[in-house]
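Chemist: how would this look folded up:
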Amino acid sequence: MSAMFYHKYCSIVGDVVTKVVLGVLNDGDCLESINHSLITLIPKINVPQGMGDFRPIILCNVIYKIVSKALAVRFKDVLPAVISETQSAFLSNRFITDNILVAFELVHHLKHKTRGNKSYSALKLDMSKAFDRVEWFYILKVMHKMGFHDRWIAMIMSCLSSTSFSFMLNGEEVGYVKPTRGLRQGDPLSPYLFLIYSEGLSRLLQHEESTQNLKGLRLTRHAPSVSYLLFADDSLLFCEATNSTAVAIKRVLDIYHNASGQLLNTTKSVMSFSPNTTQAAKDFFHHTLGMPISECHERYLGLPAFSERDKKEMFSDVKERIWKKLHAWNDKLFSVGGKEALLAKQAWRIFEMPNSLLSRLLKHRYFSNNNFLEARLGHSPSLTWQGIHWGRELLVEGPRYKIGNGFNVFAGFDKWIPGYTDFKPVSFNGADSLTVSNFITNQREWNIPLLNQYFQSIDVDRIVTIPLSFFPSNDRLIWHHTITGCYTVNSGFHLAENLAENQETNGSNSRSTWWRTFWSLNLPCKVKIFAWRVMQNALPVATSLVRRKVIDSVTCSLCNNAWESIGHALFNCTKARKVWRETKFTIDHTHTHNMYNGDYLIHLSSLHSKQDFELIVCTMWAIWHDRNKVIQGGLSKPSQVIAYFASAHLEQYYRAKTKNQQQYINCNVHTSNDSTPVHFQRQISDVPWSPPSISGLKINVDVVVNQERKVLGVGAIVRDHQGSVVAALSKPVQGCFRSDEMEAKALFHSLNWALQLQLQLTNVDTDALRVSSAINSLSKNLSSFNDLIMDVSCLLSFFSGVTISHVKRNANQAAHGLAKYALELDEDVCWMGEVPNPIFSVVVNDLQF
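Modeler: Next up, the predicted model:
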């Protein structure tokens, strides 16, 4: 059965599947019955001639894959501690791009090593049928040596030894094979087991390096030595080109072969040398290892392994391979902002992970005396460093300090205040040596009087929006433009677009104003996007497709009279002219060539009213729509029908939008005091407050804010299983944060108060979904919100067996009333064993559970 079957009928088979899986994981039940796999052959070419033209695909049993996946999830958390950093496959925080960039840098250095007494070699190793030759006994011994528990090893070996195969031929299951070695590529465990398998080669190379028999390649004198890079079954070795090194590598490969069963494919393996290597050294390597010699490795992990001056030619085959896979897509080019955002992503990883092998190599090579954000291009940079350096220019626009303890951030000139382009204060009246920690009280709150003394009010308003963690970490740079504090390509792209737009606005405010007017047009979204594509020269007309080598002819396929540009397709084509004659508009066809940069469209908007311009744009869309239909083999509509279709389509849109707005108004006429629609109130009121279990205590927490005074009101109430009030709190707190940060702050203050009263809470209820979800999840990020969640989690650890839940607002009305009351106070108010007067009616109503 497929996984879809188990998913769809989980209510029927779920209990049985769970029992089987837990029996294997907890009790060591036999796997023989569920570990039988089917092998099907997928042809590699259209007309296969032999077995080599087929690709075997293994179909594992779904229940076995659940068992295997459970083991794999546990495996991947511990493997980074035992797998060397030069293996970058399948492990968290290790990426294929790291190995590619390290390889690029080393090969670039190797290629330009023309002088000196030391010469170097790079060897690309290809193991023959790597997964199929894996010896199970070898995995057993390596795992024992790594220190895995005997029971864990027994479970892994059970997954391997219980394997059996049959074959799918013409839809029928035939044959039975019981293997004694090899890994299945459809098994979730296989990638991690192969990492352990490859670690044997890694440790052998490390041993030879520690005994000085193998010396790796260094980019500089103090840079880390790199002797090998492994990504699954792709291996790349770097070493000095000496006779002793060749002998050491031969010895390692022989030992690895005898122990693991892996066999080097000498015909597909290749080695290259730095230009200063003698011919005698090359001959000795070739004689010892039996591998062919190449000028330089053509590619590593699917990409060119060295850079030439002509980058287009170097990456042309990569583009062709991608084009074959995406032939049904439009051939679109990256914008400059898109390229910069992608490169900035790699730059962020170098900035964020300074201890990675790639970061350490680049630091010693390009910025040994300063930090990454201040690095220069340097002398004879590699192509990859040039790209990363270019992407870094975008990266420097987005980081700011997240305030932890405040000791390492200078208040006057460091980037730390959110809301500004440069994140620096407008003005600062203090000494340059003053750090942010001087403006934080011992209670971990902002010292407002001191802030007003040193900063302008506009700065103070921004500073008090920064939440302070009660258990602070060190200050650190984060990416300002995402909630998590981590760089994303999406946020980088939007930042690049905004920066470019600001530059254009500085030169031409009128065009920016026109765009604001354009996006406010009362048009369907698809018509707006069409017009935007017109302005961006992004319509696939013949001239554009020829430039991208998609078609061969630039001639208009409708009229065959001229080149098909955007202006021709929408205005000058014979069919387009006929359509415009059916409208009330007079088109100056002599200037439509300016459609390339959008000037003619801007000109039309200046000549006509907003409503007429909307009809013009809709008519252009209708012409384009009909043109595409004809290109795809359909019949063209008469010109008067196209003109009528455009006006009728726009009129229908007007009527539909007006009707929806009227329905929205009618839906929200009857509202309560807090502007919540009545029908929503009925839905919420169906979920009232519920008491905790017998002998349990439940705390409800909420927060409200007075933005003018920059004050939070925190409300908390603790009740027992009978609904009786044990304690209640109304607490005013200085600050004005984002909603989820305020909710986390309120939860921290409430738990801290309960802890001081020695209340043994069993349940915590909040109406902040993001807060409860963040506490119950294991994910972490760099945001201030995450620091507040860590504060809350720390306090929760003092309450044994406590659970935190998200509830609707109606089930949290008592805490909400106390929070509103807190805004009227100057100091905390606490009630013990009595119902607070501000929420008396709410508490009584909650007793009706």
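Chemist: For the stretch 701-849 of the chain, which segments are assigned as strands?
Modeler: All strands of the stretch 701-849 of the chain, identified by DSSP state E, counting those that start in this stretch, fall at 711-719, 725-734, 763-766, 803-806, 829-832.
Chemist: Asp187: which of the ones you listed is closest?
Modeler: strand 803-806 (36.6 Å; C-beta to C-beta). All C-beta atoms are positioned from the backbone trio N, CA, C, and that covers glycine.
Chemist: which parts of that closest one are buried?
Modeler: Thr803, Ile804, His806 (16 or more other C-beta atoms under 10 Å).
Chemist: Give the closest residue to the second one in space, chain neighbours not counted.
Modeler: Right, the one you point to is Ile804. Leaving aside its chain neighbours, Ile804 sits nearest to Val764 (4.3 Å; criterion: C-beta to C-beta, 6 or more residues apart in numbering).
Chemist: I'd like to know how far the one you found sits from Leu747.
Modeler: Val764 is 7 Å from Leu747, where distance means C-beta to C-beta, to the nearest Å.
Chemist: Neighbour count for those two, which is higher?
Modeler: Leu747 (29 against 24; other C-beta atoms under 10 Å).
Chemist: hang on, the earlier thing: who touches both of Val764 and Leu747?
Modeler: Common contacts of Val764 and Leu747, defined by C-beta atoms under 8 Å, 6 or more residues apart in numbering, comprise Val701.
Chemist: From start to finish, how long is stretch 404-414 in a straight line?
Modeler: One end of stretch 404-414 sits 14 Å from the other (C-alpha to C-alpha, to the nearest Å).
Chemist: If you count neighbours, what's buried in it?
Modeler: Buried residues in stretch 404-414, counting neighbours by 16+ other C-beta under 10 Å, are found at Gly404, Asn405, Gly406, Val409, Phe410, Ala411, Gly412, Asp414.
Chemist: thinking again about what came up before, so which of the strands of the stretch 701-849 of the chain has the densest surroundings on average?
Modeler: strand 711-719 (a mean of 26; mean count of other C-beta atoms under 10 Å).
Chemist: follow-up on the earlier one: please produce a markdown table containing the buried residues of strand 803-806, extended by pLDDT.
Modeler: Below are these laid out as a markdown table (pLDDT from 0 to 100):
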| residue | pLDDT |
| --- | --- |
| Thr803 | 93 |
| Ile804 | 94 |
| His806 | 93 |
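Chemist: could those residues be laid out in CSV, adding distance to Gly492?
Modeler: Formatted as CSV, the buried residues of strand 803-806 follow (distance: C-beta to C-beta, whole Å):
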residue, distance to Gly492
Thr803, 39
Ile804, 34
His806, 32
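Chemist: Please give the element, helix or strand, for Ile458.
Modeler: Counting by DSSP states H and E, the element that carries Ile458 is helix 457-463.
Chemist: Tell me the strands beside the helix or strand that comes right after that helix, with direction?
Modeler: Using DSSP H and E, the helix or strand that directly follows helix 457-463 along the chain is strand 476-479. Taking DSSP bridges as the criterion, strand 476-479 forms sheet pairs with strand 399-402 (antiparallel).
Chemist: that older thread, let me have the strands of the stretch 701-849 of the chain in JSON lines, adding distance to Leu59 as columns.
Modeler: Shown next, in JSON lines, are the strands of the stretch 701-849 of the chain (distance: least, C-beta to C-beta, whole Å):
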{"stretch": "strand 711-719", "distance to Leu59": "55"}
{"stretch": "strand 725-734", "distance to Leu59": "59"}
{"stretch": "strand 763-766", "distance to Leu59": "46"}
{"stretch": "strand 803-806", "distance to Leu59": "41"}
{"stretch": "strand 829-832", "distance to Leu59": "64"}
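Chemist: closest to Asn258 out of the ones you listed?
Modeler: Of all the strands of the stretch 701-849 of the chain, it is strand 803-806 that lies closest to Asn258, at 56.1 Å by C-beta to C-beta.
Chemist: Quick one: low-confidence residue ranges for the stretch 551-700 of the chain.
Modeler: The stretch 551-700 of the chain contains residues with pLDDT under 70 at 590-598, 659-686.
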